[in-house]
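Enquirer: quick one, what's the 3D model for this:
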Amino acid sequence: MKNTLILFYAVFLIFSSYGASRADELSDLLNQVEKLNITIKGYTLGRALSQEQKTKAAKNIINDPALDPETGIYKFKHENLYVTADKLNHRVIIIYEQYEKLPYKKMQDIVGNLFFIFGDPTVMAHEKIIYWAYDNKGRISENKFRSIKDNKEKLQVLAYVKLNSDTKIMELKNSQDNNKGDIYYIISSDPVLKLIKSRQAEYQTESTMQ
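Expert: Coordinates of the predicted model:
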């Protein structure tokens with residue numbers, strides 16, 4: 001019995017210290033992301049919500065079945081903006097907007113607004129996707145992106161803004177015919193999301209051991 005208790009406490013201490021280490025790792029990563037100052041409508045990726053924002057969030061929580069409670073994150077809506085934040089420190093993890101059957105003129109306004117806020121994109125793909133990529137030094141220019149690809153180097157992306165339209169971007173200018181389409185943009189960080197996902201896997205492992 002005594003040996004069993006010793007083993008239990010040893011395992012508990014290992015997981016506790018490991019969990020604290022992972023929390024510190026996530027905090028450090030979010031600090032790097034926050035320094036990029038990727039901000040839209042008052043929300044900055046990686047930054048903790050203000051008290052006013054937390055109050056609004058509490059009144060507009062969205063129960064998303066895709067969010068596992070064990071990940072320790074929550075989602076809320078502010079006007080047309082969806083925000084996902086960490087429950088522990090309320091730091092912003094994901095920001096996005098999505099629209100269906102939106103007039104081309106309004107779709108064009110969204111594209112124009114993102115260009116105004118974030119500048120020239122890193123790359124465009126298939127004439128429907130626009131991608132602003134950031135490393136730890138800031139936004140990656142198209143020239144830098146091409147150089148990295150030409151030299152077959154690994155692209156180190158810390159955070160990104162991605163816009164996806166079901167209509168070719170250049171066709172949005174043709175708004176006289178009342179055409180409509182679907183569009184969304186998302187702001188997030190793959191390294192942060194991967195760390196949160198691994199944290200969820202660790203919690204599930206701990207649960208099976210209890």
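
Enquirer: average model confidence for the strand or helix carrying residue 186?
Expert: With the criterion set as DSSP states H and E, the secondary-structure element containing residue 186 is strand 180-188. Confidence over strand 180-188 (mean pLDDT, whole number) is 96.

Enquirer: quick one, what contacts the residue positioned nearest the centre of the chain?
Expert: Nearest to the centroid of the C-alpha atoms of the chain, with distances taken as C-alpha atoms, centre = their mean, sits residue 188, at 2.1 Å. Taking C-beta atoms under 8 Å, 6 or more residues apart in numbering as the criterion, residue 188 is in contact with 45, 93-96, 159-160. In this view, the C-beta of every residue, glycine as well, is placed from N, C-alpha and C.

Enquirer: look up how far residue 38 lies from it.
Expert: Per C-beta to C-beta, to the nearest Å, residue 188 is found 9 Å from residue 38.

Enquirer: which ones among the contacts of residue 188 are found in strands?
Expert: 93-96, 159-160 (DSSP state E).

Enquirer: between those residues, which sits nearest residue 83?
Expert: Using C-beta to C-beta, residue 95 is the member of the ones in strands among the contacts of residue 188 that lies nearest residue 83, at 5.5 Å.

Enquirer: hang on, that closest one packs against residue 43?
Expert: Yes - A contact is recorded between residue 95 and residue 43 when judged using C-beta atoms under 8 Å, the distance being 5.5 Å.

Enquirer: any common contacting residues for those two?
Expert: Counting by C-beta under 8 Å, 6+ apart, the contacts common to residue 95 and residue 43 are 81, 83.

Enquirer: which of the two has more neighbours?
Expert: Set side by side, residue 95 and residue 43 show more neighbours around residue 95, with 23 against 18, by other C-beta atoms under 10 Å.

Enquirer: quick one: contacts for that one?
Expert: Contacts were defined as C-beta under 8 Å, 6+ apart; by that measure residue 95 touches 40, 43, 45, 81-84, 186-188.

Enquirer: pLDDT-wise, which helix or strand of the chain ranks last?
Expert: Sorted by mean pLDDT, DSSP states H and E, the helices and strands of the chain end with helix 2-35, the least confident at a mean of 61.

Enquirer: between the contacts of residue 95, which is closest to residue 122?
Expert: Taking C-beta to C-beta as the measure, residue 122 lies nearest residue 187 of the contacts of residue 95, at 13.7 Å.

Enquirer: gap between that closest one and residue 134?
Expert: When distances are taken as C-beta to C-beta, residue 187 and residue 134 turn out to be 10 Å apart.

Enquirer: shared neighbours of these two, anything?
Expert: Between them, residue 187 and residue 134 share these contacting residues under C-beta under 8 Å, 6+ apart: 38, 159-160.

Enquirer: turn those into CSV, columns for distance to residue 119.
Expert: As requested, these are arranged in CSV below (distance: C-beta to C-beta, whole Å):
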residue, distance to residue 119
38, 12
159, 15
160, 14
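
Enquirer: which of these has the most neighbours?
Expert: Per-residue neighbour counts (other C-beta under 10 Å) across the shared contacts of residue 187 and residue 134 peak at residue 38, which has 27 neighbours.

Enquirer: over to residue 105: give its phi and psi.
Expert: phi -60, psi -40 (degrees, to the nearest 10).

Enquirer: hang on, the earlier thing: overlap in contacts of residue 188 and residue 38?
Expert: With the criterion set as C-beta under 8 Å, 6+ apart, the overlap between the contacts of residue 188 and residue 38 is 45, 159.
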